[in-house]
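Asker: with the sequence up front, the predicted model follows.
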Protein chains: 2
Amino acid sequence: MNLNAPIAVIDSGLGGLTVAKAIHQVLPHERILYFGDTARLPYGSKSPKTVANFVKQIICWLRQYRCKHVVLACNTATALALPAVRNEFPALSISGVIEPGAKAAIVAAGSRDIPCIGVIATEATIRSRAYERAIGRRRHHAKILLKSTPLLVPMIEEGRGCDDPLVSLALRQYLHPLVERRLDVLVLGCTHYPLLKPAVLRILPAQVPVIDSAQMCAQDVERRLMRSHLLSPMHRSNEHWLTPVVTDDAERFQTLASRFLGEPVPAPHTLSVDQLYIATAAVAAERYVKSA
Amino acid sequence: MNLNAPIAVIDSGLGGLTVAKAIHQVLPHERILYFGDTARLPYGSKSPKTVANFVKQIICWLRQYRCKHVVLACNTATALALPAVRNEFPALSISGVIEPGAKAAIVAAGSRDIPCIGVIATEATIRSRAYERAIGRRRHHAKILLKSTPLLVPMIEEGRGCDDPLVSLALRQYLHPLVERRLDVLVLGCTHYPLLKPAVLRILPAQVPVIDSAQMCAQDVERRLMRSHLLSPMHRSNEHWLTPVVTDDAERFQTLASRFLGEPVPAPHTLSVDQLYIATAAVAAERYVKSA
């Protein structure tokens, strides 16, 4: 494995950029190949089968880059597709955002007998109960409150920030039932949500920690690369750390991405969805030839 | 052409059901084949090329049903794909929702010298300037105010109605700048929006008419079928008038669709997006053979 190979970060659109940024902060020497499936976003309202199929196609297309690690930087993709793609590509190192977030929530919950852990996320992530399982495996006696908050992503993508009255009202509506049930920890279970963290903190009681799965995921990636001796030794000063690839509307992505990262983003390469189908067929053909 | 062939109604998801319902009210003898591209929704934030490609694939797949007419029951699909698919399938009768809505807006504007016509719609419909062109072709001296309102679709799909405080606040934010500029007519330029019409009416001055493109589109379909002598003569009592087909999550569609129509909806047939690619390849192959 080439130590200078990129880390692939896969998302349905923009949210995964919070993960890419967190990885860059922890691992500034690494190159990141960012894949935003903007032609088929969002994943958060779609079925497990469809999302797993989309992610599988993206990984087939990414094979040509021989990435040293693949991150599903989207809670929905992690919840609905991670086991399936790990199974489909056993030789590839793949991680997600849910396990690191769940672990951090348990640490933050401390030594309470039955901690009350809230998770806000997309409809599909909540329906999958992936956070419930990930937390339950480590703490049998936690009370887990799941709340789907489907308006937050479109609000962020419309450019609304923490001071927008509509954002405040939506957050109050969504979080009030959790606060009433005496929440101990809140997990931001969608990679878009860190952008609204200041507004979330204003609504929650001061002692409630807020877990940002992007940061936890970045630390997890660092641990994985260290463990497999795959950290990049070089600082690549001539090249931007981020190479974005999208399936639709590179211009819109570039504008919104710069807002997500708080810095200018290189112009993305646009790929048609058809090419994902072709890459998937090529992988199937190659496997068939090998097995014959 | 078989008079009992269905009318195809194509949408990215649920919104087109307001059009299907309006067609059913005007033409109760007709069978409607409803196609909701739920695996790739929404179209409203995507590029013209991508949306035109999606719609073309759906029409290729629909060919087997020999529909007597195809309606693009989505403002974004109409704005971004109608000219392209009319060009690609010249023998097929295809209509959209924008021309009928634009015509109705001009009629409602009456004899004012320079009427002020507002249009609220998705980001992609607004960016396409399709309403501006459709109105401008008929009334050179109209002032047209375009406003993208991207949160309304996710609010409706979350189940929020006219009495929800978040819906009221969003509508006030979106409509206030139009009202201040002395709007004469407002066009609801997205097929989801008729569900929020009562809330829109509460915000607008009483004399401002609100144009619902679903109703206008249904009357347009009736005129087209009458003109080509294609109206169905039979009342088909044994069969439901609506046959839904979706590309993802039939269950979620059925639940939300019943809310849209205000009556139970038959269980949809689910089609994988892969089958759309296969149908498109089959059409291409057939054309190649014919041309060879």
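Answerer: Done, it's in.
Asker: now the helices for the stretch 1-150 of chain A?
Answerer: A:17-26, A:48-62, A:75-88, A:98-109, A:123-128, A:130-136 (DSSP state H, counting those that start in this stretch).
Asker: now those in a markdown table, with distance to residue A:257?
Answerer: For glycine as for every other residue, the C-beta is placed from the backbone atoms N, C-alpha and C. Below are these laid out as a markdown table (distance: least, CB to CB, whole Å):
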| stretch | distance to residue A:257 |
| --- | --- |
| helix A:17-26 | 6 |
| helix A:48-62 | 18 |
| helix A:75-88 | 18 |
| helix A:98-109 | 23 |
| helix A:123-128 | 22 |
| helix A:130-136 | 26 |
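Asker: can I get these in CSV including mean pLDDT?
Answerer: Formatted as CSV, the helices of the stretch 1-150 of chain A follow (pLDDT from 0 to 100):
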stretch, mean pLDDT
helix A:17-26, 96
helix A:48-62, 97
helix A:75-88, 97
helix A:98-109, 97
helix A:123-128, 96
helix A:130-136, 96
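Asker: looking at these, spot the one closest to chain B.
Answerer: The closest of those to chain B is helix A:48-62. By CB to the nearest CB, the value is 4.6 Å.
Asker: which helices and strands does the closest one pack with?
Answerer: Under the contact criterion of 3 or more CB pairs under 8 Å, 6 or more residues apart in numbering or on different chains; DSSP states H and E, helix A:48-62 touches strand A:7-11, strand A:32-36, strand A:69-72, helix A:75-88, helix A:123-128, helix A:273-291.
Asker: columns mean neighbour count and distance to residue B:12 on top of these, output as JSON lines?
Answerer: Below are these laid out as JSON lines (neighbours: other CB atoms under 10 Å in any protein chain shown; distance: least, CB to CB, whole Å):
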{"stretch": "strand A:7-11", "mean neighbour count": "27", "distance to residue B:12": "21"}
{"stretch": "strand A:32-36", "mean neighbour count": "25", "distance to residue B:12": "19"}
{"stretch": "strand A:69-72", "mean neighbour count": "26", "distance to residue B:12": "25"}
{"stretch": "helix A:75-88", "mean neighbour count": "23", "distance to residue B:12": "19"}
{"stretch": "helix A:123-128", "mean neighbour count": "22", "distance to residue B:12": "17"}
{"stretch": "helix A:273-291", "mean neighbour count": "13", "distance to residue B:12": "15"}
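Asker: alongside chain B, which residues does chain A contribute?
Answerer: Near chain B, the residues belonging to chain A are A:38-41, A:45-47, A:49-50, A:53, A:150-151, A:154-155, A:157-158, A:165-166, A:169-170, A:173, A:247-249, A:252, A:272-274, A:277 when assessed by CB under 8 Å from any CB of the partner chain.
Asker: can you put the helices and strands packed on helix A:48-62 in JSON lines and add distance to residue B:197?
Answerer: As requested, these are exported to JSON lines (distance: least, CB to CB, whole Å):
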{"stretch": "strand A:7-11", "distance to residue B:197": "36"}
{"stretch": "strand A:32-36", "distance to residue B:197": "35"}
{"stretch": "strand A:69-72", "distance to residue B:197": "41"}
{"stretch": "helix A:75-88", "distance to residue B:197": "32"}
{"stretch": "helix A:123-128", "distance to residue B:197": "25"}
{"stretch": "helix A:273-291", "distance to residue B:197": "35"}
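Asker: so which of these comes closest to residue B:284?
Answerer: helix A:273-291 (12.0 Å; CB to CB).
Asker: what is that closest one packed up against?
Answerer: Partner elements for helix A:273-291 (3+ CB pairs under 8 Å, 6+ apart): helix A:48-62, helix B:273-291.
Asker: Throw these into TSV and include distance to residue B:224, thanks.
Answerer: Rendered in TSV, the data for those read as follows (distance: least, CB to CB, whole Å):
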stretch	distance to residue B:224
helix A:48-62	34
helix B:273-291	24
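Asker: nearest to residue B:191, out of the ones you listed?
Answerer: Ranking the helices and strands packed on helix A:273-291 by proximity to residue B:191 (CB to CB) places helix B:273-291 first, at 21.2 Å.
Asker: next one: the closest one to chain centre, how far?
Answerer: Helix B:273-291 sits 26 Å away from the centroid of its parent chain (CA atoms, centre = their mean, to the nearest Å).
Asker: the inter-axis angle of that helix versus helix A:273-291?
Answerer: 100 degrees (axes from the mean of the first three to the mean of the last three CA atoms, to 10 degrees).
Asker: before we move on, back to that, of the helices of the stretch 1-150 of chain A, which is nearest residue B:203?
Answerer: helix A:123-128 (28.3 Å).
Asker: what is the closest one packed up against?
Answerer: By 3+ CB pairs under 8 Å, 6+ apart, helix A:123-128 packs against helix A:48-62, helix A:75-88, strand A:143-148.
Asker: at 7 Å instead, please
Answerer: Helices and strands touching helix A:123-128, by 3 or more CB pairs under 7 Å, 6 or more residues apart in numbering or on different chains; DSSP states H and E, are helix A:75-88, strand A:143-148.
Asker: touching it from outside, list them.
Answerer: Helix A:123-128 is contacted from outside by A:43-46, A:48, A:51, A:75-76, A:79-80, A:146, A:148, A:150, A:189-190, using CB atoms under 7 Å, 6 or more residues apart in numbering or on different chains.
Asker: top of the residues you listed by number of neighbours, please.
Answerer: residue A:75 (35 neighbours; other CB atoms under 10 Å in any protein chain shown).
Asker: you'd agree it is up against residue A:96?
Answerer: No: if you go by CB atoms under 7 Å, residue A:75 and residue A:96 don't touch, sitting 8.0 Å apart.
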